[in-house]
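> Give me coordinates for this.
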Amino acid sequence: MNDSLPKLLLRRSEAGHGAVLWGREAQPHFGRAFDRLLAEGLLTERAPATIWPPCSTCDGRCEGRDIVLIGDLLVAECPEDHRCNSTLAPYLIRSFEIDAAVLCRLIAAASGLSGD
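Sure thing, here's the model as predicted:
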């Protein structure tokens with residue numbers, strides 16, 4: 001991924017209200033700048049995912065796989081075949097809602113524009 005965080009946020013916010021930045025996309029940008037966007041309300045962390053897409057062997061027979069904690073590991077359990085279970089990194093189940101109004105306000109401020 002070569003996108004800068006601002007470019008990524010602009011692209012994702014085009015979806016309008018309820019635009020989401022997924023953990024897989026956000027993870028390379030975690031750090032002080034990302035934390036500042038959380039503090040400013042541009043990003044709001046949503047509840048962690050509890051369902052993961054079905055594995056390729058299920059052929060649509062199941063709606064999704066439950067994500068469970070086994071020891072210290074997050075695992076997407078396949079209801080058909082435990083050998084198809086997937087171990088997930090913690091950032092993969094995270095997601096963040098983008099507040100487009102706050103994004104516009106921050107862009108305007110950074111550009112030296114005043115007012116609404």
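> First-to-last residue distance for stretch 94-112?
End-to-end distance for stretch 94-112: 33 Å, by CA to CA, to the nearest Å.
> List the buried residues in it.
Going by neighbour count (16 or more other CB atoms under 10 Å), the buried part of stretch 94-112 is 94-100, 102-103, 105-106. To be clear about C-beta, it is placed using only N, CA and C from the backbone, and glycine gets the same treatment.
> Not counting that stretch itself, show me its contacts.
With CB atoms under 8 Å, 6 or more residues apart in numbering as the test, stretch 94-112 has contacts from 9-10, 12-13, 16-23, 26, 38, 40-46, 48-49, 114.
> element containing residue 38, please.
Here residue 38, judged by DSSP states H and E, is contained in helix 32-39.
> Averaged pLDDT, that helix. What do you get?
Here helix 32-39 scores 95 as its mean pLDDT.
> Over to stretch 54-70?
When pLDDT is averaged over stretch 54-70, the result is 84.
> same check, this time on stretch 97-105
89.
> so who does the most centrally placed residue in the chain touch?
When CA atoms, centre = their mean is applied to the chain, the residue found nearest the centroid is residue 22 (1.8 Å). Shown in contact with residue 22 (CB under 8 Å, 6+ apart): 94-95.
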